[in-house]
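Enquirer: Predicted model and sequence below, questions to follow.
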Amino acid sequence: MRFILFFFAFLFFSGQGNSQNLSFTTLDKSPLDVVMYRGQDQTAVARVIYSRPAKKDREIFGNLVPYGKVWRTGANEATEITFYREVMIDNKVIPAGSYSIYTIPKEDQWMFLLNLETTQWGTQYDDDKTVLRAPMNVSMAPKPIENFSIEIIEQVDGGTIFMGWDDRIASISFEFTS
C-alpha cells in the first residue's frame, strides 16, 4: 500500500514540476487549538476545537467583545465541543454529541450557550438551536492572558471548563450522569 501511495505522489509531483511550485498557506492570526479531556481510565470524555485570538494590546471585554451580546467564544469558526458521554450542566442533561459553544460575557457573570449547529462560521449564531443557557463563574486573572485559552480540569465525577483571556477567567462545571 505504501508503494502505491508513494507512486501516486511521485506521479503527481513529477507532473507538477518541482517543489518550488508548491505554496503553503500562512499561519492564521488566531491559530486553531484542541483540548482533549480524558477520564482516569484514559477514555475520551470531551474535546474542544477552537481558535485562539490574541490580545495585542487591545481592550477585550466591554470593547472588542461587547458586554451583553452573544460572542463566538474565540475566533473564526464557532468553537465546538464534543461530549463522548452524557453529562449534566446546570441540572440539565446534555446527550453525548457535538455542539457549538457561544457565551454572553458580562462584567461579573457570563452565560454559557450550547448550540446544536456545528461547523458554521462563528458569527452565524442561531438562537433557535440553543439547547442550554447556563451561568458561568467569572474571576479576575492573576495576570493578563495574551491568547484566548480553554482548558478542562478533571473533577470528581465530571470536569470544569475554564476559558481565559485578557484579565478574565470564566468557568462552568459538568457532571457525569452515570
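Expert: Yes, it's here.
Enquirer: Spit out the contact partners of Ser30.
Expert: Ser51, Arg52, Pro53, Ala54, Gly74, Ala75, Asn76, Phe148 (Cβ atoms under 8 Å, 6 or more residues apart in numbering). Where you see a C-beta, it was placed from the backbone N, CA and C, and this is true even at glycine.
Enquirer: okay, now the third one: neighbour count?
Expert: Counted by other Cβ atoms under 10 Å, the residues lying close to Pro53 total 22.
Enquirer: For it, give me phi and psi.
Expert: When quoted as degrees, to the nearest 10, the phi and psi of Pro53 stand at phi -70, psi 160.
Enquirer: Is it in contact with Phe148, as I believe?
Expert: Yes. With contacts counted by Cβ atoms under 8 Å, Pro53 reaches Phe148, the gap being 5.2 Å.
Enquirer: overlap in contacts of the two?
Expert: Ser30, Gly74, Ala75, Trp165.
Enquirer: Relative to Glu154, how far out is the third one?
Expert: Going back to what we said before, that points to Ala75. From Ala75 across to Glu154, the span is 27 Å (Cβ to Cβ, to the nearest Å).
Enquirer: More neighbours: those two, which one.
Expert: Set side by side, Ala75 and Glu154 show more neighbours around Ala75, with 18 against 13, by other Cβ under 10 Å.
Enquirer: Give me the pLDDT for the more buried one.
Expert: Looking at Ala75, its pLDDT reads 97.
Enquirer: From here on, call the first residue 44.
Expert: Happy to do that; since the first residue is 44 now, the last one works out to Ala118.
Enquirer: Test my guess that it contacts Gly165.
Expert: Yes. In terms of Cβ under 8 Å, Ala118 counts as a neighbour of Gly165; the distance is 6.9 Å.
Enquirer: one step back: which one of the shared contacts of Pro96 and Phe191 is nearest to Lys149?
Expert: Proximity of the shared contacts of Pro96 and Phe191 to Lys149 (Cβ to Cβ) peaks at Trp208, which lies at 14.7 Å.
Enquirer: so the closest one is in which element?
Expert: Applying DSSP states H and E as the criterion places Trp208 in strand 201-219.
Enquirer: Now do that strand: which elements does it pack against?
Expert: Strand 201-219 is packed against strand 87-94, strand 130-132, strand 140-148, strand 153-158, strand 173-198, with contacts defined by 3 or more Cβ pairs under 8 Å, 6 or more residues apart in numbering; DSSP states H and E.
Enquirer: Perfect, I'm done here.
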